[in-house]
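> Here's a sequence, model it:
(one chain, ligands or ions: 2)
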Amino acid sequence: MNKPATIKQVRAFVVRGGGADYHDQGGGHWIDDHIATPMSRYPQYRQSRQSFGINVLGTLVVEIEASDGTVGFAVTTGGEPAAYIVEKHLARFLEGAPVTEIEKIWDQMYFSTQYYGRKGLVVNALSGVDLALWDLNGKLRNEPVYHMLGGAVRDELQFYATGARPDLAQKLGFIGGKMPLHHGPAEGAEGFRKNLEELASMRAKVGPDFWLMFDCWMSLELNYAIRLAQAAHEYDLKWIEEALSPDDYWGYAELKKQAPRGMLVTTGEHEATRWGFRMLLEMGCCDIIQPDVGWCGGMTELIKISALADARGALVIPHGSSVYSYHFVITRHNSPFAEFLMMAPKADRVVPMFNPLLLEEPVPVNGRLKASELDRPGFGVRLNPDCPLHRPYTH
Ligand SMILES: C[C@H](O)[C@H](O)[C@@H](O)[C@@H](O)C(=O)O
Ligand SMILES: [Mg+2]
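Ligands and ions are numbered 1, 2, ... in the order given. As a prediction, the model looks like this:
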């Protein structure tokens, strides 16, 4: 049997404007229009999330070149600081190693950075390296990543859409629409009323059966979240997402107890590793966990997180991360649908989620994507040569 190729070089690049840091958009985009956040308590940071720096990092692109010249890559959120961590810290555990040592490399990347990492930027960087390694292995084996994960359990993916216009998402064939919550506790009773009015108005547009969800992006405190969930029940809100700080496991456990019967509590897009998700699951924080595969520890960690959830009957609906989540969701029974983020400025048409960075990035058609659309080696996408990459550090 042939010996596996070895890793020749790891390279980290940054690029601005959309891409994996999908909050990095131009003006007038729904994704930066008075969306409630933990910073909404400060009026000067209420209208725009970019005003407090939601897009300060930018996209990280990780390339891994094998000894035979094959190059795997992946993209995530992290920008220059993540590039520094990849080049100056993580690369040493890959270069010279066989490309197949995915588990060992993950273990060394995680435990060598544990003293300053564990969640956030460091695990974003680690996730980008891990995803690039899965892409490289798929290319060397001439297999799509989902085949390496055990193969499809269904013929197609179905999607709900995240964006300001669930009514348009319904017409585009999506199974539901997740709306950003626009008003936080600092806007008092008037903001609370406006939130409900938006939901009531959207329910009137979409009818009784189309899923409607609120994405609260960590903006609420427990009492407000409980009151909002209870008031929203009248309009059949399907789930209330990321209502509280990711660290408030106790608050989530209480919210789940107090939420109306039948309403789901979801969270996890800013959680990381099997240990973080074990906390969410064992403390009874939510019905659905939503890890982002580009932020939670990569594909190698998502496999472990998903098994924990499956053992407890919890669903795993990864936060929107384009092909990196599609290749996973299609392979798991407890991931029955996927998220698609509407990246068109008015949320009125389907454009690739990481637009314009990836060529051949598949998108849902009529809210669905056939497994066969993923049948290209690795994650099946290419970097757009029109997007200038910059390598800020070397090693
Ligand atoms: C729409 C939300 O405010 C975020 O922008 C979104 O990225 C994330 O929370 C999601 O669940 O898609
Ligand atoms: Mg969310």
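
> Kindly tell me how buried the residue of the stretch 151-300 of the chain at minimum distance from ligand 2 is, as a neighbour count.
Across the stretch 151-300 of the chain, no residue is closer to ligand 2 than Asp215, which sits at 4.3 Å (C-beta to the ion). No exception for glycine: its C-beta is placed from N, CA and C like everyone else's. By the measure other C-beta atoms under 10 Å, the count of residues near Asp215 is 24.

> beta partners of the closest residue in space to it that isn't next to it in sequence?
Nearest residue to Asp215, sequence neighbours excluded (C-beta to C-beta, 6 or more residues apart in numbering): Glu241, at 4.5 Å. As for beta bridges, Glu241 partners with Asp215, Thr266 under DSSP bridges.

> what about Glu241, how many neighbours?
If we define neighbours as other C-beta under 10 Å, then Glu241 has 26 of them.

> quick one: Gly367 from Leu168, how far?
Counting by C-beta to C-beta, to the nearest Å, the gap from Gly367 to Leu168 is 12 Å.

> again with Leu280
Per C-beta to C-beta, Leu280 is found 32 Å from Leu168.

> quick one, which of the two is more surrounded?
The residue with more neighbours, out of Leu280 and Leu168, is Leu280; 24 against 20, by other C-beta under 10 Å.

> Can you say which helix or strand has the more buried one in it?
In this structure, Leu280 sits in helix 273-282 according to DSSP states H and E.

> and whichever helix or strand comes after that helix, what other elements does it pack with?
Using DSSP H and E, the next helix or strand after helix 273-282 towards the C-terminus is strand 288-289. If you count contacts as 3 or more C-beta pairs under 8 Å, 6 or more residues apart in numbering; DSSP states H and E, strand 288-289 packs onto strand 264-267, helix 273-282, strand 315-316.

> longest single helix anywhere in the chain?
helix 121-141 (DSSP state H).

> Distance from the chain centre to the helix or strand that that helix is followed by, please.
Counting by DSSP H and E, the element after helix 121-141 in chain order, helix or strand, is helix 145-148. Relative to the centre of its chain, helix 145-148 is centred 19 Å away, using C-alpha atoms, centre = their mean, to the nearest Å.

> and what of stretch 229-245?
Taking the mean of its C-alpha atoms, stretch 229-245 sits 20 Å from the chain's own mean (C-alpha atoms, centre = their mean).

> Then stretch 222-234?
With C-alpha atoms, centre = their mean, you get 25 Å for stretch 222-234.

> now do stretch 275-282
17 Å.

> what do you get for stretch 335-342?
Counting by C-alpha atoms, centre = their mean, stretch 335-342 is centred 10 Å from the centre of its parent chain.

> quick one: the strands in the protein?
Assigned strands in the chain, in chain order: 7-15, 59-66, 71-77, 156-162, 176-180, 211-215, 237-241, 264-267, 288-289, 315-316, 338-341, 358-359, 368-370, 382-383 (criterion: DSSP state E).

> ok, and what's touching the fifth one?
Pointing back at strand 176-180 there. 30-31, 35-36, 160-167, 169-170, 198-199, 202, 206, 210-215, 217, 238, 241, 339 (C-beta atoms under 8 Å, 6 or more residues apart in numbering).

> Buried by neighbour count, from these: which ones?
By neighbour count, with 16 or more other C-beta atoms under 10 Å, those hold 30-31, 35-36, 160-167, 169-170, 198-199, 202, 206, 210-215, 217, 238, 241, 339 as buried.

> Please list the residues of the stretch 251-395 of the chain that sit near ligand 2.
Taking C-beta under 5 Å from the ion as the criterion, the stretch 251-395 of the chain approaches ligand 2 at residues Glu269.

> Residue numbers of the stretch 251-395 of the chain in contact with ligand 1?
269, 319-320, 339, 341 (C-beta under 6 Å from any ligand atom).

> I'd like to know which of those is nearest to ligand 2.
Of those, the one sitting nearest to ligand 2 (C-beta to the ion) turns out to be Glu269, at 4.9 Å.

> thought that closest one was touching Ile289?
No. Counting by C-beta atoms under 8 Å, Glu269 does not reach Ile289; the two are 9.2 Å apart.

> Compare the two and say which is more crowded by neighbours.
Neighbours per residue, other C-beta under 10 Å: of Glu269 and Ile289, the larger number sits with Ile289, 28 against 22.

> how near is that one to ligand 1?
From Ile289 over to ligand 1 the distance is 12 Å, taken as C-beta to the nearest ligand atom, to the nearest Å.

> got the contact list for Ile289?
Residues near Ile289 by C-beta under 8 Å, 6+ apart: 266-268, 271, 277, 280-281, 305, 309, 314-317.

> Looking at those, which is nearest Val350?
Ranked by distance to Val350 (C-beta to C-beta), those are led by Ile317 at 18.9 Å.

> contacting residues for the closest one?
266, 288-290, 329, 335, 337-339.

> ranking these by neighbours, who comes first?
Greatest neighbour count in these, by other C-beta under 10 Å, goes to Ile289: 28 neighbours.

> And the pLDDT for that one?
For Ile289, the model assigns a pLDDT of 98.

> Check Val10 too.
Val10 is assigned 99 on the pLDDT scale.

> And Asp167, by the same measure?
pLDDT, Asp167: 98.
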